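> generate coordinates for the sequence data below:
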Amino acid sequence: MKKVASKVTAWVLVCIFFHFSVVPPASSFSIGDEREIGEKLLYSVRSAFELVDDPDVIQYITRLGQSVLEVAGIQYFDYRFFVIADKEVNAFAAPSGLIFFNAGLIEMMHSEDELLAVLAHEIGHIDKRHLASRVEKGTYSGIASLGLALAAIAFGGAATPVLLTGALATGQSINLHFSRQHEEEADLLAYDWMKKLNRNPEGQIKMLESLRRIARYRSDKPPQYLLTHPNPEARLDYIESILDNDREKIAENLITADDFDFLRFKYRILAKVKGPESLKPFLATVVADGRTDEATKAMATYGLSQIASTENDYTKSLELLDKVVLSYPDKAILKVDRGAILFAAGKFADAEKDLLEALQVDNSDMYATFLLAKLLYRTGHPTEAENYFLTVSYELPEYAQVYFELGQIAADKGERGVAALYLGKFNLLQGKLKLAEQSLKNALADTSLPETMKNESKDLLKKIVQLRK
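Residues are numbered from 1 along each chain as shown. A predicted model of the protein is given here:
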């Protein structure tokens, strides 16, 4: 009850935040306005919800999203992808290229093609500016009422009644779902983009089948995703009819996806979000079932290894992971996983060896880079650690934790202004605007702060002012 109450309280604050925002006329809801509300919504989400803020998770879903954008053509926005640690079945495209996936929706997926289909569908909504078109048709008066409705549409759950009450208080007509035309447009774009990527549109079919099944069996209380993305039955018929004419042509160039990366991504998220009580028995059943194929069994074992690690049973976690390595000896990322477990177990030398070996195979892996940096700092090598942390901050500039780590190193060196700047960035990315503002002011109070960092602190303070308007 306490958790539900805190979410409702958080979203009441979101309501207040948007209610007092500047409201442009609906007819002039421009690209700039969309960017503005997107930024405000993002920082509100950061403060109200727990994101799965892990470099490994961020890199995977961003790379998948970028693969779609490469075939989608020129876009109005720079896209950013996020996973919310929430069990509700939902995904949502917010203004200015923000795409959110709830852990609950990822849990019901079985393959990368299914994730890619939903991701492409949400990009389709942004590409066509469906939210903007609803504003321009007069459904909302502008940023204030759209912000309230977006909060209800996107995140639902216990907070929805509170948010809708606030939205309705603005005197607006709230339309909580995309139209059939919008859904068909987004579905068709997703279908075409998957074809261009030589990926199997059957992933789209399977997701719609799953949603149809949920719609039938949870008709009394459909998940938030079905409230905003209705009519899975009609959408399924539409895509199936197109695919029937394309199957032979698609089969000629089809790339058979290796779902190792997807299942690893899925189980890492679920181990963090769902907890061992229900996930462990399910995975153990999968492993024990004689009908389970070897690849599925190996990845279920991976999930069990992740759970054991969250329970601090590092011996068991390594034992299970080593079984997965036997099935996937060429997957360097498993060395990173092994290094993470060894690091947590206090076996620093062995952990460093595994992480360095993994980076020799893929030096773009920011999960390995971040873990190695933490290990080096922990073992008394702050200069080397700082260099690795700076690499992560460059590659993943919105990963909050890296600024906390850099701030610690700066504080150790007596660089109070630099430490305050990093702490300000950390708090800003956590959605804690007041704490961020104070830290940035502290940074500027240090006369020894380098000029470039002074300018950065001033720019971030200006951003905070804009976010509060």
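> quick one: buried residues of the helix or strand containing Glu39?
Using DSSP states H and E, Glu39 sits within helix 31-48. Using 16 or more other CB atoms under 10 Å as the test for burial, helix 31-48 gives 33-46, 48. C-beta: built from backbone N, CA, C; applies to glycine.
> state the pair within those residues that is farthest apart.
Greatest spacing in those, by CB to CB: Asp33 and Ala48 (22.2 Å).
> how many other residues sit next to Leu356?
Residues lying near Leu356 (other CB atoms under 10 Å) number 13.
> one more: the one 3 residues further on?
By the measure other CB under 10 Å, the count of residues near Leu359 is 20.
> residues touching it, list them.
Asp365, Ala368, Thr369, Leu372 (CB atoms under 8 Å, 6 or more residues apart in numbering).
> turn those into JSON lines, including distance to Ala445 and pLDDT.
Below are the contacts of Leu359 laid out as JSON lines (distance: CB to CB, whole Å; pLDDT from 0 to 100):
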{"residue": "Asp365", "distance to Ala445": "38", "pLDDT": "97"}
{"residue": "Ala368", "distance to Ala445": "37", "pLDDT": "98"}
{"residue": "Thr369", "distance to Ala445": "32", "pLDDT": "98"}
{"residue": "Leu372", "distance to Ala445": "34", "pLDDT": "98"}
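> report pLDDT for Val162.
At Val162, the pLDDT value in this model is 40.
> pretty sure Glu209 sits against Asp237.
No - using CB atoms under 8 Å as the test, Glu209 is too far from Asp237 to be in contact (11.4 Å).
> what is the helix ranked longest in the chain packed up against?
In the chain, taking DSSP state H as the definition, the longest helix is helix 232-253. Under the contact criterion of 3 or more CB pairs under 8 Å, 6 or more residues apart in numbering; DSSP states H and E, helix 232-253 touches helix 180-196, helix 202-217.
> my read: Asp362 touches Ala332, true?
Yes - the pair Asp362 / Ala332 is scored as a contact, 5.7 Å apart, by CB under 8 Å.
> pick out whichever of the two has more residues nearby.
Ala332 (16 against 13).
> which residues does that one contact?
Contacts of Ala332 by CB under 8 Å, 6+ apart are Glu357, Ala358, Val361, Asp362, Asp365.
> all helices of the stretch 351-469 of the chain, in order?
In the stretch 351-469 of the chain, the helices defined using DSSP state H, counting those that start in this stretch lie at 366-378, 382-395, 400-412, 416-429, 433-445, 451-468.
> pull out the buried positions in the helix or strand containing Gly104.
Assessed by DSSP H and E, Gly104 sits inside helix 103-107. Judged by neighbour count using 16+ other CB under 10 Å, the buried positions of helix 103-107 are Ala103, Gly104, Leu105, Ile106, Glu107.
> let's have those in JSON lines, adding distance to Ile126 and pLDDT.
Output for the buried residues of helix 103-107, formatted as JSON lines (distance: CB to CB, whole Å; pLDDT from 0 to 100):
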{"residue": "Ala103", "distance to Ile126": "22", "pLDDT": "94"}
{"residue": "Gly104", "distance to Ile126": "22", "pLDDT": "93"}
{"residue": "Leu105", "distance to Ile126": "17", "pLDDT": "94"}
{"residue": "Ile106", "distance to Ile126": "20", "pLDDT": "96"}
{"residue": "Glu107", "distance to Ile126": "24", "pLDDT": "95"}
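> what is the nearest of those residues to Asp246?
Leu105 (26.2 Å).
> would you mind splitting the chain into its domains for me?
When the chain is parsed with automatic domain parsing, its domains come out as 2-253, 266-468.
> can I get those in CSV including distance to Asp259?
Below are the domains of the chain laid out as CSV (distance: least, CB to CB, whole Å):
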stretch, distance to Asp259
domain 2-253, 5
domain 266-468, 8
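> before we move on, the earlier item: buried only: go through the contacts of Ala332 for me.
For the contacts of Ala332, buried by 16+ other CB under 10 Å: Ala358, Asp365.
> could you identify the most distant pair in the contacts of Ala332?
Going by CB to CB, the pair spanning the contacts of Ala332 furthest: Glu357 and Asp365, at 11.5 Å.
> and Leu432, what does it touch?
That one is not Leu; residue 432 is Lys. Here Lys432 is in contact with Ser47 (criterion: CB under 8 Å, 6+ apart).
> name the member of the contacts of Leu359 that has the highest neighbour count.
Going by other CB under 10 Å, Ala368 tops those with 29 neighbours.
> just give the closest residue to Ser327, not the sequence neighbours.
Leaving aside its sequence neighbours, Ser327 sits nearest to Ala298 (CB to CB, 6 or more residues apart in numbering; 3.8 Å).
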